[in-house]
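Q: Here you go, sequence then predicted model.
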Amino acid sequence: MKRDKPQVPQLPVLSQAVLEQERKMLLDLGNDITRVRDKNDLLFLFSRRLKRYFYFTHTIITLIDEKAGTYTPFLLDNESSPIRKHPMYPELIQAHFRLNEPFIQAILQAEGPVSFLLEDIMDQPGSPVFLKVNYEKGVREILMTKIMMGDKPMGFIHMYTDKPGSFTHEFKSVINGIVPQLSGAVSNIIKNEEIHKTEREKSFLLDFSNEIALVRSQTDLQAAIFKVLDKTMGTKLAMIRLIDDDNIHLSTFMCDPTLFGGTKATFDQMSNRKITIEEPYTSKVLASREGLIFNVAEEINSGNDYAKLWATTGLKNMYSFPLRVGDRNIGTIWLLANKLSKLLLKGICAQISIAIANIQANEKLLAYKKQLEDENDYLKEQIRTFYNFSEIVGNGAAMQEVYRLVSLVATSGTTVLVLGETGTGKELIARAIHNASTRRDKLMVKVNCAALPANLIESELFGHERGAFTGATDRHIGKFELANHSTLFLDEIGELPLEAQAKLLRVIQERELERVGGKQTIKVDVRLIAATNRHLEEAVRKGQFREDLYYRLNVFPVTLPPLRDRPEDIAPLANFFVQKYARNAGRKISQIAPGAIQQLNSYSWPGNVRELEHLIERSVLLSPDGILKDIDIPRKSMAVQQNPAYPTNRSLEEMERSYIIEVLKRCGGKISGVGGAAEVLQVPGNTLHSKIKKLGITKADYFARN
Ligand SMILES: Nc1ncnc2c1ncn2[C@@H]1O[C@H](COP(=O)(O)OP(=O)(O)OP(=O)(O)O)[C@@H](O)[C@H]1O
């Protein structure tokens with residue numbers, strides 16, 4: 001029997017008895033079939049009932065996928081199939097067989113059932129492989145006919161036998177008669193399945209939306225997504241990428257790093273790669289309304305690098321969908337699966353988009369709240385100092401020069417380096433510059449570089465992301481960001497560790513920063529004022545301070561003279577402090593006795609204006625109302641001053657060194673805290689520490705006997 005002459009039944013004129021039996025059979029079968037609700041029962045019933053009258057081995061129903069131009073197994077008569085142990089069986093029952101082959105076209109064109117001897121057709125070009133596989137298992141003949149939905153073929157019923165000649169005219173006639181019922185039953189099952197599937201998807205989406213409604217953070221979302229994907233058998237989240245604030249780049253928001261097991265390093269590399277919205281795959285996905293499906297095998301053939309990674313999962317398709325809120329693209333999601341329902345995918349993506357938008361809004365709110373709290377804390381802290389420093393006293397020539405420089409530079413955005421010994425008023429001058437600048441409406445932000453532990457400096461200056469290091473439980477906005485559009489005052493810049501100097505230099509040069517542990521680049525517009533009591537050039541020479549940073553900072557130096565070099569300012573300053581502290585303490589002290597002024601003038605003021613201020617504050621508290629007569633100038637220091645052992649031609653540094661050693665000896669080597677040298681010298685502990693370091697004072701110096 002040749003394939004070009006298929007055995008189309010020439011339905012014979014049947015005897016009355018045969019017709020009667022056939023009618024009964026059709027009726028029985030029809031009744032059984034219409035009762036079938038479960039797809040698995042249909043073929044079982046059909047074949048059991050038919051086998052009462054006819055011989056055949058097994059049967060199968062395949063369905064046509066018109067779009068794909070294929071047909072694929074739908075219902076299997078597993079139990080009786082002789083090929084179920086064939087190694088190709090698992091592959092065959094999932095295979096898609098091409099419709100445009102002569103073998104299947106012959107069946108499509110035939111009016112009724114067609115039978116072939118397998119050996120006649122199985123080796124013909126284009127014949128489906130299942131023919132050969134059946135033959136290998138002893139099957140000899142096949143009968144096929146199309147099943148219809150309306151007037152369109154929707155699939156085929158295949159029947160097989162190991163005994164050639166089993167498919168008699170009666171057999172074919174019965175099959176021909178049963179096809180309408182069978183078609184009806186199959187299309188009912190398909191519709192039922194669709195309804196069930198839609199219902200399942202709806203309830204699934206409902207579950208997911210309940211889950212998503214509780215999501216507040218990225219971690220919650222990740223858990224919800226993984227949970228939902230677990231239920232959609234075999235779907236894996238490859239990646240969610242979100243569009244950055246610059247609307248150009250995309251950063252990885254979420255991914256499953258375990259997905260590409262062996263190739264994790266490459267995956268990390270790819271997921272860390274910043275891409276733009278112009279990247280070909282991303283731009284295609286973002287432009288699509290319904291998302292795109294990339295067939296992994298085809299993508300590999302077309303040279304898509306990512307697809308080699310996708311293939312390691314064994315899944316066939318990459319489903320990519322734009323994440324949108326309203327009409328605004330917020331990112332892309334990439335899911336790997338063999339098959340995914342569009343409805344489900346659309347629903348899941350819509351929910352994820354909303355959840356991400358909520359998380360982002362929530363994060364922005366939290367960051368804003370945190371920033372406000374930081375600003376508020378900072379404001380409170382600064383109010384105490386800031387308003388006290390609203391006046392600068394001193395009209396001597398040296399200070400006049402300082403005022404001239406301040407007024408020259410204030411309104412520009414130029415970086416200023418304020419130099420001078422401790423307590424000379426460097427911070428006061430920095431505030432004066434800020435207050436006279438166009439940035440005065442925002443708060444000047446201060447960082448004391450000497451007061452920060454080395455490991456926190458970076459985070460304090462540039463901020464950190466949550467989880468950037470152990471203990472970083474929240475995002476922290478750094479002082480640079482806090483000072484955006486304002487002034488950042490870097491006090492004691494000479495104490496900044498070299499590593500932090502390098503980072504600072506980069507920010508100054510590029511005017512942008514990245515938070516510790518962050519990937520996003522943040523542009524900042526900050527005016528810098530740095531101050532130090534260290535000899536920076538010398539620090540550069542000794543390799544303690546970066547030369548390039550020094551030049552970046554030393555754009556406009558303003559040097560404050562020590563108080564001993566401007567004795568003309570001592571009395572006005574002392575009077576200013578008397579009034580300030582008398583007012584604060586509710587005392588009636590209006591002036592200082594001339595004798596006391598003389599005493600003040602004869603002192604060397606190693607702690608400069610700060611020392612004078614503290615001295616006056618203490619004296620005001622200790623003095624009765626009226627005129628301030630007694631000022632408790634440190635005796636030891638006066639003695640030091642008058643001691644001929646300190647020749648006048650010694651350098652200031654030497655004097656300072658000896659004086660500090662002297663005080664340290666008196667304090668038993670205690671540097672800070674109550675009764676420590678810093679208290680006696682009236683300088684902050686940190687300042688004294690750095691001074692001690694700078695002057696090379698060691699324990700041997702102050703514990704040595706003299
Ligand atoms: N010209 C001035 N008029 C009024 N007060 C002043 C003046 N100079 C300094 N002071 C006061 O002296 C104290 C020390 O000043 P400031 O903190 O600005 O010094 P500094 O040089 O920054 O010190 P350090 O190097 O130790 O940080 C402050 O209380 C400040 O108000």
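A: Yep, that arrived. Keep in mind that this is a model prediction, so the values were computed, not measured.

Q: Low-confidence regions, this protein specifically.
A: Judged against pLDDT under 70, the low-scoring parts of the chain cover residues 1-16, 18-19, 232-233, 261-272, 377, 380-390, 635-651, 674, 703-706.

Q: tell me the secondary structure for the spatially most central residue of it?
A: When C-alpha atoms, centre = their mean is applied to the chain, the residue found nearest the centroid is residue 253 (4.6 Å). With DSSP: H, G, I helix; E, B strand; the rest coil as the basis, residue 253 sits in strand.

Q: Report the contact partners of the one residue in the stretch 301-450 of the chain that gets nearest to the ligand.
A: Proximity of the stretch 301-450 of the chain to the ligand (C-beta to the nearest ligand atom) peaks at residue 425, 2.6 Å away. Where C-beta positions appear, they are placed from N, C-alpha and C, glycine not excepted. Listed by C-beta atoms under 8 Å, 6 or more residues apart in numbering, the contact partners of residue 425 are 392, 560, 608, 609.

Q: which of these come close to the ligand?
A: Residues shared between the contacts of residue 425 and the neighbourhood of the ligand are 392, 609 [C-beta under 6 Å from any ligand atom].

Q: Could you export the contacts of residue 425 as CSV, including neighbour count?
A: Formatted as CSV, the contacts of residue 425 follow (neighbours: other C-beta atoms under 10 Å):
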residue, neighbour count
392, 18
560, 25
608, 27
609, 28
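
Q: hey, where'd the strands end up in the stretch 501-650 of the chain?
A: Using DSSP state E, counting those that start in this stretch, the strands of the stretch 501-650 of the chain run over 512-514, 521-523, 527-532, 556-559, 589-592, 626-628.

Q: what does the stretch 1-150 of the chain give?
A: Secondary structure of the stretch 1-150 of the chain (DSSP E, counting those that start in this stretch): strands located at 58-65, 70-76, 97-98, 114-117, 141-149.

Q: give the contact list for the residue nearest to the centre of the chain.
A: If a contact means C-beta under 8 Å, 6+ apart, then residue 253 has 218, 240, 241, 242, 331, 356 as its contacts.

Q: Out of the strands of the stretch 1-150 of the chain, which gets nearest to the ligand?
A: Taking C-beta to the nearest ligand atom, strand 58-65 is the member of those nearest to the ligand, at 79.4 Å.

Q: Let me see the backbone angles for the nearest residue to residue 675 once chain neighbours are set aside.
A: The spatially closest residue to residue 675, leaving aside those adjacent along the chain, is residue 667, at 6.3 Å (C-beta to C-beta, 6 or more residues apart in numbering). Phi and psi for residue 667, reported as degrees, to the nearest 10, are phi -90, psi 10.

Q: and residue 667, how far is that from the ligand?
A: If you measure residue 667 against the ligand using C-beta to the nearest ligand atom, to the nearest Å, the figure is 19 Å.

Q: do residue 226 as well
A: 53 Å.

Q: picking up where we left off before, and the residue nearest to residue 675, what is it in contact with?
A: When contacts are counted by C-beta under 8 Å, 6+ apart, residue 667 is found next to 675, 676, 677, 680.

Q: How about the residues of the stretch 351-500 of the chain by the ligand?
A: By the rule C-beta under 6 Å from any ligand atom, the part of the stretch 351-500 of the chain lying against the ligand is 389, 392-394, 420, 422-428, 491.

Q: let's see it at 8 Å
A: Taking C-beta under 8 Å from any ligand atom as the criterion, the neighbours of the ligand within the stretch 351-500 of the chain are 385, 388-389, 391-394, 399, 418, 420-430, 448, 491-492.

Q: Now, of the residues you listed, which are buried?
A: Neighbour-count burial (16 or more other C-beta atoms under 10 Å) is assigned, among those, to 389, 392-394, 399, 418, 420-430, 448, 491-492.

Q: Just the ones in strands from those, please.
A: The members of these that map onto strands under DSSP state E are 418, 448, 491.

Q: could you dump those to TSV with distance to residue 589?
A: As requested, those are arranged in TSV below (distance: C-beta to C-beta, whole Å):
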residue	distance to residue 589
418	32
448	33
491	32
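
Q: Tell me if I am right that residue 369 is in a helix.
A: Yes: under three-state DSSP, residue 369 sits within a helix.

Q: what's the neighbour count on it?
A: Around residue 369 there are 10 other residues, counting by other C-beta atoms under 10 Å.

Q: Enumerate the residues of this structure near the ligand.
A: With C-beta under 8 Å from any ligand atom as the criterion, the chain meets the ligand at residues 385, 388-389, 391-394, 399, 418, 420-430, 448, 491-492, 531-533, 560, 569, 573, 576-577, 608-610, 612-613, 683-684, 687.

Q: can you tell me how far the spatially closest residue to residue 192 that is not a sequence neighbour sits from residue 592?
A: In space, and not counting its chain neighbours, residue 192 is closest to residue 37: 7.3 Å by C-beta to C-beta, 6+ apart. When C-beta to C-beta, to the nearest Å is applied, the distance between residue 37 and residue 592 equals 107 Å.
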